[in-house]
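In: Curious how this folds, go ahead:
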Amino acid sequence: MAYIERAITEVLKNRVKTSKCVLVTGARQVGKSTVIRHEFPAFNRANFDDRLARLQAREEPRLFFLNHPCPLFIDEVQKESGILEEIKLIVDESDLRGQFILSGLQKLELMKGMSESLAGRVAVSELLGLSMREICGVRFNRHFVPTDAYIQERERELKPYQDLWQTIHRGFYPELYDVERDWQEYYSSYVSTYLERDVNELIASDGLTFAKFLTAVAARSGEMLNCAHIASEVGVSEPTVRNWISILERTGIVYLLQPYSPGALNRAIKTPKLYFRDTGLACYLTRWLTADALKSSAVAGSMFETFVVSEILKSYANEGKDYKFNIFYYRGKDKRAAAENEIDLIIEENGVLYPVEIKMTGNPRADMAAANTVLDRIPDKKRGMGIILCLIDRKTYLRENLIALPVTYI
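Out: You can find the predicted model right below:
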């Protein structure tokens, strides 16, 4: 199988050099084990999918580390998070860096164990699905922020994104790009494996009900989270939906985009927006079986938005940056306006707010960014360049402070 070089590689190598432990988190099958095996061949390996390895780590940890000496890569570490205390003892006895690489799902239990046992000793990196940059061989690896400097630097490595809707429909799991894998068969297996391995231990429900829930959530990608509506459709309680949404978030299936609601915007909505991390999985669950059908469907706009948001998040994660406190959306009603204002994304950096609109159009207009001026009311913040990410074929200024950009600029 062909190995697609991951953009996060240099970040991981630097962190292995400077940290005693490195944790790589991410959803199942995004390529965590593959990138570590490929880029760190000198590391010994233990996999906690192996029950005997887990049993030895739990009952005879000293023997486990004799059989698996450092430098050591432990895969699926969340399955036996008690080993973290033993790892702490080992790293505290030495000044060596790069003794452990751990990988696993970002479950609350795992992160709680990390903060309690390995605080100050572990560098956490998040690996997401393949990005368009990685698929197209673009070496540029800076996070998306629409400054003049970013745009000028990005323009040096622009490549056309061929068959964009085919890629959005296919999704971004590496295995779909390694071999000629049947799309429906892959996602059918993924959902079954996900339900069996990652969810059954966290929910008290039958798999069919949870599968129905997954479909209901996928159909709402790009919308504000409404647990009551989902609960009514699935036939479970609203607290159950909130718990299951939390599980999807913790296991890397969905992302909850938080609203931007400073005090100056006192009518701002405070409900998060929900996005599936992978558009291919969302298409499979909602039964859009071909790219052409998806492109012409009523959900094409929300799926395009889901794709763009996901690519922006990947640009942050692949540079090793945390995006949770940098990217928001806004929706609210000004007293002077007849309708609600909405800004698809607000990217905050160095006290500057960059408004971003995501439109599935090749003919962007300046009035699509009419809500941007609401940001001028926020004290101690400056409004930066506004961007409309769309299907236009070249960068186009719509105003001095508003640019329409092709999605190839992400």
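
In: Same question for the helix of greatest length in the chain: list its buried residues.
Out: With DSSP state H applied, the helix covering the greatest number of residues in the chain is identified as helix 300-317. For helix 300-317, burial by neighbour count (16 or more other CB atoms under 10 Å) applies to 300, 302-317. In short, each C-beta sits where N, CA and C put it, glycine included.

In: same for the helix or strand that it is followed by, what does it pack against?
Out: Going down the chain from helix 300-317, the next helix or strand is strand 327-332, by DSSP states H and E. Packed against strand 327-332, as judged by 3 or more CB pairs under 8 Å, 6 or more residues apart in numbering; DSSP states H and E, are the following elements: strand 254-257, helix 300-317, strand 341-349.

In: picking that back up, what mean pLDDT would you report for the longest helix of the chain?
Out: The predicted model gives helix 300-317 an average pLDDT of 98.

In: Compute the inter-axis angle for that helix and strand 341-349.
Out: Going by axes from the mean of the first three to the mean of the last three CA atoms, to 10 degrees, helix 300-317 is angled at 10 degrees with respect to strand 341-349.

In: Send over helix 300-317 as PDB, restricted to the C-alpha atoms.
Out: Listed next in PDB are the C-alpha coordinates belonging to helix 300-317 (Å, rounded to 0.1, in the frame of the first residue of the first chain):
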ATOM      1  CA  ALA A 300     -24.900  19.900  -0.800                       C
ATOM      2  CA  GLY A 301     -24.400  23.300   0.800                       C
ATOM      3  CA  SER A 302     -24.100  21.900   4.300                       C
ATOM      4  CA  MET A 303     -21.800  19.100   3.200                       C
ATOM      5  CA  PHE A 304     -19.600  21.700   1.400                       C
ATOM      6  CA  GLU A 305     -19.500  23.700   4.600                       C
ATOM      7  CA  THR A 306     -18.700  20.600   6.600                       C
ATOM      8  CA  PHE A 307     -15.800  19.900   4.300                       C
ATOM      9  CA  VAL A 308     -14.400  23.400   4.500                       C
ATOM     10  CA  VAL A 309     -14.600  23.600   8.300                       C
ATOM     11  CA  SER A 310     -12.900  20.200   8.600                       C
ATOM     12  CA  GLU A 311     -10.100  21.300   6.300                       C
ATOM     13  CA  ILE A 312      -9.500  24.400   8.400                       C
ATOM     14  CA  LEU A 313      -9.300  22.400  11.600                       C
ATOM     15  CA  LYS A 314      -6.900  20.000   9.900                       C
ATOM     16  CA  SER A 315      -4.600  22.900   9.000                       C
ATOM     17  CA  TYR A 316      -4.400  23.800  12.700                       C
ATOM     18  CA  ALA A 317      -3.900  20.200  14.000                       C
END
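
In: Compute the inter-axis angle for it and strand 327-332.
Out: 140 degrees.

In: So which residues make contact with helix 300-317?
Out: Applying CB atoms under 8 Å, 6 or more residues apart in numbering, the external contacts of helix 300-317 come out as 8, 125-129, 131-133, 142-144, 168, 172, 221-223, 255, 257, 275-279, 282-283, 288, 294, 322-323, 326-327, 344-345, 347, 358, 360, 389, 407, 410.

In: now swap in stretch 54-61 and tell me
Out: Residues outside stretch 54-61 that contact it (CB under 8 Å, 6+ apart): Ala46, Phe48, Leu63, Phe64, Asn67, Lys79, Glu80, Gly82, Ile83, Glu86.

In: before we move on, what about stretch 172-182?
Out: 1-2, 4, 29-31, 34, 128-131, 135, 170, 183, 186, 190, 278-280, 310.

In: Likewise for stretch 136-150?
Out: Counting by CB under 8 Å, 6+ apart, 7, 10, 132-133, 153-154, 156-157, 159, 161, 311-312, 315-316, 318-319, 321, 323, 347, 349, 354, 356, 384-387, 403, 405, 409-410 sit against stretch 136-150.
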